[in-house]
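Student: got a predicted structure here, sequence first:
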Amino acid sequence: MRIVAGTFRGRPLVAPKGQSTRPTADRTRQAIFNVLDHAAWSPGLEGLRVIDLFAGSGALGIEALSRGADFCLFLDRGEDARTAIRANLATLGLEEGGQVVRRDAAKPGARMDANGAAFDIAFLDPPYGQGLGEAALAALSDGGWLAADALAVLERGVADPAPTPAGFEPLDERVWGAARVSFLRRSPLSP
């Protein structure tokens with residue numbers, strides 16, 4: 001696993017030990033970021049605050065940092081995942097650009113002032129087939145984590161149901177291998 005583009009292009013990333021994490025494939029990650037770089041509806045990544053839920057290795061958030069995001073908050077419950085993310089951030093000298101938090105990504109609670117301003121983009125790569133991404137997006141909206149027009153990039157399995165989560169509007173959807181990726185925008189009418 002490696003960083004696909006940006007400042008840290010080609011640099012390797014470590015993944016958590018064991019089988020509990022399924023990192024987003026390099027090709028899928030590259031395709032996701034190509035959409036974010038070129039879609040008319042995308043603000044790009046430069047200077048944005050992003051949050052990586054069900055972070056695993058942190059590959060999505062670190063890719064965003066490599067491409068110009070200012071800050072990424074990584075949420076994961078697993079100790080091995082948090083250890084891998086911290087190692088990846090340290091290896092790249094990105095400790096100031098990222099924070100790793102032990103939290104249930106599907107139930108993050110309310111955003112605290114210590115977490116800084118609301119996030120512009122949320123990356124969600126939950127375990128497939130459990131509806132955790134939809135639950136996490138609802139919790140992020142309810143908890144004040146997302147900016148009014150925030151984007152969400154939600155990865156699900158191709159066989160999983162793909163409803164549009166309440167409070168979000170679909171922008172694009174792509175299938176790469178076993179992954180179905182939905183690009184969503186927080187609805188202006190969301191709380």
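Tutor: Perfect, thanks for sending it. Numbering: from 1, shown residues only.

Student: contacts only, for residue 147.
Tutor: Shown in contact with residue 147 (CB atoms under 8 Å, 6 or more residues apart in numbering): 117, 118, 119, 120, 186. C-beta: built from backbone N, CA, C; applies to glycine.

Student: among the residues you listed, which one lies nearest to residue 110?
Tutor: Distance to residue 110 across the contacts of residue 147 (CB to CB) is lowest for residue 118, with 11.8 Å.

Student: distance check, the closest one against residue 145.
Tutor: 6 Å (CB to CB, to the nearest Å).

Student: try residue 8
Tutor: 26 Å.

Student: you'd agree residue 4 is in a strand?
Tutor: No. Counting by DSSP: H, G, I helix; E, B strand; the rest coil, residue 4 is not found in a strand; it is coil.

Student: what's near enough to touch it?
Tutor: Here residue 4 is in contact with 26, 29, 30, 33, 63 (criterion: CB under 8 Å, 6+ apart).

Student: surely the fourth one and residue 67 touch.
Tutor: When you say that, I think you mean residue 33. Yes. Using CB atoms under 8 Å, residue 33 is in contact with residue 67, at 6.4 Å.

Student: so what sits against both of these two?
Tutor: Joint contacts of residue 33 and residue 67 (CB under 8 Å, 6+ apart) are 5, 45.

Student: what residue is smack in the middle of the chain?
Tutor: Taking CA atoms, centre = their mean, the centroid of the chain lies closest to residue 123, which sits 1.9 Å from it.

Student: name the helices or strands packed onto the one helix or strand that residue maps to?
Tutor: Assessed by DSSP states H and E, residue 123 sits inside strand 119-124. Identification of packing neighbours for strand 119-124 by 3 or more CB pairs under 8 Å, 6 or more residues apart in numbering; DSSP states H and E yields strand 49-53, helix 59-66, helix 132-142, strand 146-157.

Student: stretch 36-46: which residues count as buried?
Tutor: 36, 42, 45 (16 or more other CB atoms under 10 Å).
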